[in-house]
Structures are given as C-alpha cells and as structure tokens.
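Peer 1: The following comprises the amino acid sequence and a computationally predicted model.
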Amino acid sequence: MKINIQPLDNTYSDQLIDLILSIQQKEFNIPITIEDQPDLRQIDSFYQEAGGNFWGAFIDGELVGSIALVKFDERAGAVRKMFVKKEFRGKELNIAQKLLEVLISFCRENGIDAIYLGTVSVLKAAMRFYERNYFVQVEKENLPVRFPLMSADDVFYALKINQAV
C-alpha cells in the first residue's frame, strides 16, 4: 500500500471533518462537534496563513490520516488534528509516524524550534506514541502563554525540535 502525504487546503474540509469527527465522537466518545472546530473549514486562513500547515495521508485516494501545525509564536507551534483511521493504525503502515516526521521536517525548514500539543487522557495510545517520539509531558501552567488551548485537552507535551533525535 502506497501512502501519499500532501498538504491540504479548504477543498479537503469535508473529508477531514468526516475523518476527524468519526474518530472523536464514535470511537472515543469525546463530546465535540464541528461547531467546536471551526478551523476545519478554514484550513487556509487558520493554519497556512499564520505559518503552519495541514497534511493528509492518502491511500488509493482515500484520506486515512491527518496532522496540522498551528504556528502560534515566532519559533513555536502546536500540533493539532493528529488522527489516523482505526483500520490504518499501527506499525505496519506507520502513518502517524510518517505524518509526524513531515511536520517536524516542516518545522526545521521554517525555523520552528519547539512544538507543543494537548491531548485527552483517554487517548492512551496517542500518549505512548508522543512519548516514543521524545515528547516530554508538561504541566498546563508551564505551556507558552500564547499556546492555543483546546477545552477538551487535559494532558500536554512539548518537543524541542533542534534537540530531537
């Protein structure tokens, strides 16, 4: 199976909304709606114009994964919308890893030294994934002032890019 990772824009909003909401609501029962995530309809302005980006992983033309970067400071960004369809998860295809590597490469090329993220404590596999990738858990009060908090998030991580292996 060939995985194609490419930047996304607003033309992919509906596919992204289908992917993300089904994982959030159906798989993990997180009480979140599209109204809580207006950024999914404003990819160009919310992510790209500010210096971040949004990527999708495709297999045979089907969107099976996503990751986004919100640049919130001169040299810092927030990882958002990291999702992979259940049937495409795992080491065999390694989609999450490939998406994260694309994001980190983008950060290196664009002078972003640190990335932060928030997640939900029920997402144990996601937490293990971030820890395997050298993210360090940080207390909410130690996040950068301008970090864009999401109401559902209760666990936070940081990664210094120029120190990443």
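Peer 2: Arrived safely. Just so it is clear, the structure is predicted and the values come from calculations on it, not from any experiment.

Peer 1: The longest helix along the chain packs against which elements?
Peer 2: Looking across the chain with DSSP state H, the single longest helix is helix 95-109. Applying 3 or more Cβ pairs under 8 Å, 6 or more residues apart in numbering; DSSP states H and E, we find helix 95-109 packed against strand 3-7, strand 53-59, strand 62-73, strand 76-84, strand 114-119. C-betas here are computed from N, CA, C, even on glycine.

Peer 1: what does that helix rub up against?
Peer 2: The contact list for helix 95-109 (Cβ atoms under 8 Å, 6 or more residues apart in numbering) reads 3, 5, 53, 55, 57, 64-67, 69, 77, 79, 82, 84, 88-89, 112-113, 115, 129, 133, 159, 161-162, 164.

Peer 1: Now which of the residues you listed would you call buried?
Peer 2: The neighbour-count criterion (16 or more other Cβ atoms under 10 Å) marks 3, 5, 53, 55, 57, 64-67, 69, 77, 79, 82, 84, 88-89, 112-113, 115, 129, 133, 159, 161 among these as buried.

Peer 1: Quick check: which element contains Ile20?
Peer 2: Element membership for Ile20, per DSSP states H and E: helix 13-21.

Peer 1: next structured bit after that helix?
Peer 2: By DSSP H and E, the next helix or strand past helix 13-21 is helix 43.

Peer 1: Please state the offset of that following helix from the chain centre?
Peer 2: How far helix 43 lies from its chain's middle: 13 Å, per Cα atoms, centre = their mean, to the nearest Å.

Peer 1: and what of stretch 131-142?
Peer 2: Its chain's C-alpha centre and that of stretch 131-142 lie 15 Å apart, by Cα atoms, centre = their mean.

Peer 1: which other helices and strands contact the host helix or strand of Arg128?
Peer 2: Here Arg128, judged by DSSP H and E, is contained in helix 124-132. Applying 3+ Cβ pairs under 8 Å, 6+ apart, one finds that helix 124-132 contacts strand 114-119, strand 155-160.

Peer 1: highest average neighbour count across those strands?
Peer 2: Per-stretch averages of neighbours, counted by mean count of other Cβ atoms under 10 Å, single out strand 114-119 among the helices and strands packed on helix 124-132, with a mean of 21.
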